[in-house]
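K.L.:
sequence unknown, structure follows:
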């Protein structure tokens, strides 16, 4: 089982409007609700790849009840081990302009987490680690969670020799990386914010010096760059893709973790991550990927030494 | 008791963002949830004016549960007589740009109403009419409700000699007005759509010919125009107002109805409606008004023959 942690899970709403015009009123022509937050997207992709996944993090309020009900649709491949809290699960709203395909994103901050709730979570996390083959720590922190949260969770996994991947940004990434996670998966902006360098290879080397055993940076249409103890590789998608990039990074995370657990070496982990990412850009929603596009892309993606 | 009908009630979300930039990601700095839909706003204002109000319409799903929980905060002044349905109550999202104060509105369509649910509603409505001193029929129709719904509800009220106000637009207004409501409260655009005339006095006279006993048109910063069997009046707010016009029309409706039930003549009904409207523009949210602004405005608003 792969454990994914989403401390700031969300009920994701996708609103389609004919054309977004600020300061006017719009009829939403299509509204879709989905369980959201990076770790939940990662778990859904893992499940489709044949890996059982367990999701944990916080859930609360009426929005949280809706999230759990929707999440139950993916059982038993995805197991719900979310920890109940008093505050309501946040919503995110993605407004898709049907005329251009562009998306405008509105993200609520998330519920206020108390010290007792954080403590209940860390206890649950420790229990869940017992059955975990790998852990993915994903996304932003809700209010009230200590900024060093991920550093603590990384250490707990490392102490049990469970591979741990960290996908977050800002100060939680800065603190978390110092706890020596096995891999971090920043995008170019997150990597530049962390290191001060906009040159991905230089920045990834710096991120390793800060504590990450490996860095697998997602570079949008350029694919990925992996700087690891075994070597340094780049892999690009087979062609320039048009579509919705939401969730592409989460699919890459699922690709890396699944290939890791299957004992594949870094070049093959990277190729799977990039092919899944590309197949997600072609799909309708985060946490989904286009199976045909994935099968077509995988043999075409080659990781080459960088 | 005044009965307000909101067939397409909503859970209103107000999201404050520092600056709305289409096609980018925003952190919502403040998220407020309120029971929404015109009739619910009218009921809240009526309650503050000292008139007991009962709200009916449809409610369903997790969003409906949240709406009812929030609505319970206004009990016992506002009584919840909403009719449960299977489909979920819609959400509306108002995105307030903190830099400019402008609002971008996103409105879900609403739940699909079955024939059995519509029938259950009309039975409930007939029961509620027994205790009603007046009825306000407010807002859009959710999918599945017959387009002649308001015409039917107007006739039921008229058959019992209960004053009935209709505040809707488009085809439901066109059909509803033919059933001879006591008053309709269109804005300038709705009146023009109904009659083809952009000149409010001419359009209001036309709307009376179509069946409305009286027309009380809301003309934004110009105040209101009433064309009634007793005469024709205009009333303007005391000064040009800056603020949020959301809900101003609902406050005007509450002003008209409350003054009507207190036996006041048309000029005083109109003055109260305009003063409440102005005080709502100064308040933070729909269904609220600024008490001090209302007290200050009321003696300054004079209805003059038009």
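P.N.:
Cool, the structure landed. None of these values were measured; they are calculated from a predicted model. Residues are numbered from 1 along each chain as shown, chains lettered A, B, ... in the order given.
K.L.:
hang on, residue A:67 in a helix?
P.N.:
Yes - under DSSP: H, G, I helix; E, B strand; the rest coil, residue A:67 sits within a helix.
K.L.:
count of neighbours near the closest residue to residue A:300 other than its chain neighbours?
P.N.:
Among residues not flanking residue A:300 along the chain, residue A:238 sits closest, at 3.9 Å (C-beta to C-beta, 6 or more residues apart in numbering or on different chains). C-beta coordinates here come from the backbone N, C-alpha and C atoms, glycine included. When counting by other C-beta atoms under 10 Å in any protein chain shown, one arrives at 17 neighbours for residue A:238.
K.L.:
Contacts only, for residue A:238.
P.N.:
When contacts are counted by C-beta atoms under 8 Å, 6 or more residues apart in numbering or on different chains, residue A:238 touches A:278, A:296-297, A:300-301.
K.L.:
same question, residue A:11
P.N.:
A:33-36, A:63-64, A:66-67, A:89-92.
K.L.:
Which of those are buried? Put it as a ChimeraX command.
P.N.:
To isolate the buried members of the contacts of residue A:11 in ChimeraX, using 16 or more other C-beta atoms under 10 Å in any protein chain shown:
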select /A:33,34,35,36,63,64,66,67,89,90,91,92
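K.L.:
Pick out whichever of the contacts of residue A:11 sits closest to chain B.
P.N.:
Of all these, chain B sits closest to residue A:66, with 4.8 Å by C-beta to the nearest C-beta.
K.L.:
sorry, back to before: so for the residue nearest to residue A:300, what's the pLDDT?
P.N.:
pLDDT recorded at residue A:238 is 88.
K.L.:
Helix, strand or coil: sort out it for me.
P.N.:
Assignment for residue A:238 (three-state DSSP): coil.
K.L.:
now do residue A:302
P.N.:
Residue A:302 ends up coil, using three-state DSSP.
K.L.:
mind listing what it touches?
P.N.:
A:235, A:267, A:271.
K.L.:
Please flag which of those residues sit within helices.
P.N.:
Mapping the contacts of residue A:302 onto helices (DSSP state H) picks out A:267, A:271.
K.L.:
Tabulate the contacts of residue A:302 in a markdown table, adding columns for distance to residue B:250, pLDDT and neighbour count.
P.N.:
Formatted as a markdown table, the contacts of residue A:302 follow (distance: C-beta to C-beta, whole Å; pLDDT from 0 to 100; neighbours: other C-beta atoms under 10 Å in any protein chain shown):
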| residue | distance to residue B:250 | pLDDT | neighbour count |
| --- | --- | --- | --- |
| A:235 | 57 | 97 | 26 |
| A:267 | 63 | 97 | 20 |
| A:271 | 59 | 97 | 24 |
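K.L.:
Tell me the one among the contacts of residue A:302 nearest to chain B.
P.N.:
residue A:235 (26.2 Å).
K.L.:
okay, now the residue in the stretch 201-306 of chain A that chain B sits nearest to: neighbour count?
P.N.:
Proximity of the stretch 201-306 of chain A to chain B (C-beta to the nearest C-beta) peaks at residue A:246, 10.1 Å away. Neighbour count for residue A:246, taken as other C-beta under 10 Å: 22.
K.L.:
got it, and residue A:199?
P.N.:
Residue A:199, neighbours per other C-beta under 10 Å, totals 13.
K.L.:
for residue A:42, same thing?
P.N.:
33.
K.L.:
Same question for the one 10 residues further on.
P.N.:
Residue A:52 is surrounded by 15 other residues when neighbours are defined as other C-beta under 10 Å.
K.L.:
Check the gap between it and residue A:46 for me.
P.N.:
As for residue A:52, its distance to residue A:46 is 8 Å (criterion: C-beta to C-beta, to the nearest Å).
K.L.:
Now the common contact residues for those two.
P.N.:
With C-beta under 8 Å, 6+ apart, residue A:52 and residue A:46 have common neighbours residue A:2.
K.L.:
Check the contact between residue A:125 and residue A:153; I expect there is one.
P.N.:
Yes - using C-beta atoms under 8 Å as the test, residue A:125 is close enough to residue A:153 to be in contact (6.4 Å).
K.L.:
can you map out the strands along the stretch 51-200 of chain A?
P.N.:
Assignment of strands within the stretch 51-200 of chain A using DSSP state E, counting those that start in this stretch yields the ranges A:53-59, A:78-80, A:83-84, A:90-97, A:103-107, A:134-138, A:164-167, A:183-184.
K.L.:
Redo those strands as TSV? Include mean pLDDT and distance to residue B:5.
P.N.:
Shown next, in TSV, are these (pLDDT from 0 to 100; distance: least, C-beta to C-beta, whole Å):
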stretch	mean pLDDT	distance to residue B:5
strand A:53-59	98	36
strand A:78-80	98	40
strand A:83-84	98	37
strand A:90-97	95	28
strand A:103-107	94	31
strand A:134-138	98	46
strand A:164-167	98	49
strand A:183-184	98	56
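K.L.:
mind putting those strands in TSV, distance to chain B included?
P.N.:
Output for these, formatted as TSV (distance: least, C-beta to the nearest C-beta, whole Å):
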stretch	distance to chain B
strand A:53-59	13
strand A:78-80	17
strand A:83-84	16
strand A:90-97	6
strand A:103-107	4
strand A:134-138	17
strand A:164-167	16
strand A:183-184	21
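K.L.:
Of all the ones you listed, which one is nearest residue B:195?
P.N.:
Closest of the strands of the stretch 51-200 of chain A to residue B:195 is strand A:90-97, at 33.4 Å (criterion: C-beta to C-beta).
K.L.:
List the neighbouring strands of that closest one plus their orientation.
P.N.:
strand A:10-17 (parallel), strand A:103-107 (antiparallel) (DSSP bridges).
K.L.:
I'd guessed residue A:136 sits against residue A:3; true?
P.N.:
Yes - using C-beta under 8 Å, residue A:136 is in contact with residue A:3, at 7.4 Å.
K.L.:
who's more crowded, those two?
P.N.:
residue A:136 (30 against 26).
K.L.:
Done for today, thanks.
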